[in-house]
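Q: Curious how this folds, go ahead:
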Amino acid sequence: MPGVIPYDEYPPKSREPDVLQLFYEFGNEPVTGRIDWSRDGGAIAAPIDSGVIQIWNPLIRQLLRSLPLHQKCRAYSITWGEKRNSLACACSDSTVRIFEMTEGDYEVALLRGHDNEVRSVCWSPSQPILASGGIDGTVRLWDAKTGKSLDILKCAEHYINSVNWSPNGRKLVAADGGGFIHIWNFDKDQYQRLTGHESFVVSVVWSNDGSLLVSGSYDGTVRIWNPSGGPPRVLAGHRGPVVCVSLSAKGERVASKSHDGTVRVWATAEGQLVDVFTEAMPEDWAPGLSFHPTHPVLATLGKDLRGIRIWAPQGFYPVRQLRPFLCHAVGDKPKVLELYDRLVADRFAPWLDSKCLLPGQDWRSEIERAVRTSDTVIVLLSNQSVSKEGFVQKEITMALDVAEEKPEGTIFIIPARLEPCEVPRRLQRWQWVDLFGSSGYSALINALRSRSTSLGIGTN
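A: Prediction:
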C-alpha cells in the first residue's frame, strides 16, 4: 500500500498530552455526537444524551444555553452558521434542524426530505446553504433562510456518513458506507470519486486552504488526499475503526479518534504520529473531536464520554479572554446587548445576566460571584440607571467593595455613559467613557487591553 506509515514504527505512549492551566474539562453529561467550534472559536456546541444541544464558552467553562430537541431525537452532527446565533444539526428523526438564537429565545426550523436518519450537516462558508447526508444515500442542499430544498445529489447506494464544504464554498465532499469519497465542483459542474478505503468512510474534512482532504474509515486508516490527483498518504496505526478526523487550523496536524480507545495526532506533511492518548469509545458510534478554527487547540470528549476536554499541543500557550462584568439597568438592555456582541466579536468574554444565567440558578448569588471573579466591571450609565433604585445599585456597591481590594492604579471599575447623564458621585473618582461618542468604544477597548496586559492576558 503506497505511503503507509506502519503501526510498529510509532507505538502508543499511553499518556495524555500536556494541558495548559487555563484550559479545562467542563460539563458532565454524556455527549452523543460530533462537537463543533463556532467560526470565531468562542463557543463549542455538543449534542447531549438528554436530548439537548449545549453551547459552552470553553475558556471560562460557562454553559451559555441549551437548545432542546426531544428525548427520542439524537443529533449526530452540528454545524455553525456565519454568526454565533445560527446553528444546524443532523438528527436521527430524518430531519435537519436550524436554530436561530435571539436574546433569551430561539426559533427552530425543521427541514424534511431525507427518508432515514441524517448523519451529517455542514453550513456553506460563503452563502446561506446547508448540505446534509444520511442513511438514504443522498446528499441534499437546502436554502438555510427559507428551508427550501435546492437539490438532491444521488451518488451511491450506500448511506452518507459525512459532508463538508470546501473553504471557498465551491466544492462539496461526501463520504459513504461503500468506502468512496465523492467531490462536486459546482463552479465547473464536475464530479469526482476517490477510491482506496477498504471499508466505509465515516469522516472527511478539508484543510483551510482547500488543498488537502483527510478521511477516516472503518478500515482503521486515516488518508490524506490531494484532490488534484495522486495516491493518498495512508496513516496506519489505529487498531480499530477510525470514527472521526479533524485538521488543525494551519493544516499541520491531523487528529483521529478510533474504536481502539485512542486519539492520535499526526504530522500532516510527514505522516508521523506525534501524540496518542486514551479516550473511551462506546459501541454505539459517538465521535467527538474538533480542532479550534484558528489555534492549535483540540477539543475531545471527557472521561467516560461525559463533557468536553480541551487540549493544547506542547509549547503552545492559548489566549485567555478578559472577563468584564456588564453592570446595567434593565431598561438599557437593548444597548447593552449591542455592546455585549461587540465585545465578544473583539474576543473578550463579557458576563451579562441574560446571556450567562441558567434556569434554576440563584441569580443573586451568581451575580455576586460573577462580579468578584470578573477582571473588570463596566458600569453602564444612563439617565434611567442613575436614578433607578434596585439591584443595579447593589451591583455597583459589590463592584466598589471588590475595587477596594485591588492594588492602586488597577483598571477595575470603568464607568461608561450610554447617553449624556450625571455620573454618580461614588463613581466620579474613575475616568468615565462616553460610548455614545464617536471614539467612545475605541477608548473602552484600549482600557480593556491595558487591563489584559496587566494580568498577562494576550489580546490577539
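Q: Only C-alpha atoms from now on, for both contacts and neighbour counts.
A: OK.
Q: For this structure, just list every one of the helices.
A: Secondary structure of the chain by DSSP state H: the helices cover 333-345, 353-356, 363-373, 383-387, 391-403, 440-455.
Q: by contact count, what packs against the third one?
A: Just to be clear, that refers to helix 363-373. Applying 3 or more CA pairs under 8 Å, 6 or more residues apart in numbering; DSSP states H and E, one finds that helix 363-373 contacts helix 391-403.
Q: Can you list the buried residues in the helix it packs on?
A: For helix 391-403, burial by neighbour count (16 or more other CA atoms under 10 Å) applies to 392-393, 395-396, 398-400, 402-403.
Q: Please name whichever of those scores lowest on pLDDT.
A: For the buried residues of helix 391-403, the weakest pLDDT value sits at V392, with 68.
Q: Can you pull the poorly scored residue ranges out of the stretch 301-450 of the chain?
A: For the stretch 301-450 of the chain, the stretches flagged by pLDDT under 70 are 313-320, 358-360, 388-392.
Q: repeat that for 80
A: Scanning the stretch 301-450 of the chain for pLDDT under 80 picks out 302-305, 312-321, 347, 357-362, 385-394, 408.
Q: Ok, the stretch 101-250 of the chain next?
A: 102-105, 154-157.
Q: sorry, back to before: of all the helices of the chain, which one comes closest to S94?
A: helix 353-356 (31.2 Å; CA to CA).
Q: and that closest one, what does it pack onto?
A: strand 62-68.
Q: which strands and helices sit next to the strand it packs on?
A: Applying 3+ CA pairs under 8 Å, 6+ apart, one finds that strand 62-68 contacts strand 52-57, helix 353-356.
Q: Please compute how far that strand lies from its chain's middle.
A: 13 Å (CA atoms, centre = their mean, to the nearest Å).
Q: what does that strand contact?
A: 51-57, 355-358 (CA atoms under 8 Å, 6 or more residues apart in numbering).
Q: Give the buried subset of the residues you listed as a PyMOL selection command.
A: With 16+ other CA under 10 Å as the criterion, this PyMOL line picks the buried residues out of the contacts of strand 62-68:
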select buried, resi 51+52+53+54+55+56+57+356+357
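Q: Which of the contacts of strand 62-68 sits closest to S162?
A: Of the contacts of strand 62-68, the one sitting nearest to S162 (CA to CA) turns out to be I53, at 19.4 Å.
Q: From E366, how far out is E404?
A: From E404 across to E366, the span is 21 Å (CA to CA, to the nearest Å).
Q: Kindly report the same for G216.
A: With the distance defined as CA to CA, G216 ends up 43 Å from E366.
Q: neighbour-wise, which of those two wins?
A: Between G216 and E366, counted using other CA atoms under 10 Å, the more crowded position is G216 (30 against 15).
Q: contacting residues for the nearest residue to the more buried one once chain neighbours are set aside?
A: Distances taken as CA to CA, 6 or more residues apart in numbering place V222 nearest to G216, at 4.6 Å, with adjacent residues excluded. Shown in contact with V222 (CA under 8 Å, 6+ apart): 214-216, 234-236, 242, 245, 256.
Q: Dump the contacts of strand 62-68 to CSV, plus distance to W206.
A: Formatted as CSV, these follow (distance: CA to CA, whole Å):
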residue, distance to W206
G51, 29
V52, 28
I53, 25
Q54, 25
I55, 24
W56, 25
N57, 25
K355, 33
C356, 34
L357, 37
L358, 36
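Q: per-domain residue ranges of the protein.
A: 4-311, 324-455 (automatic domain parsing).
Q: So which of those is the most surrounded?
A: Greatest average neighbour count among the domains of the chain goes to domain 4-311 (a mean of 20), per mean count of other CA atoms under 10 Å.
Q: Show me how far that one is from its chain's centre.
A: Relative to its parent chain, domain 4-311 has a centroid offset of 11 Å by CA atoms, centre = their mean.
Q: so how far does stretch 401-413 reach from one end to the other?
A: 11 Å.
Q: L59 versus the residue lying closest to T278 once chain neighbours are set aside, what's the distance?
A: Leaving out its chain neighbours, the residue that sits closest to T278 by CA to CA, 6+ apart is T262, at 4.3 Å. For T262, the distance to L59 equals 25 Å [CA to CA].
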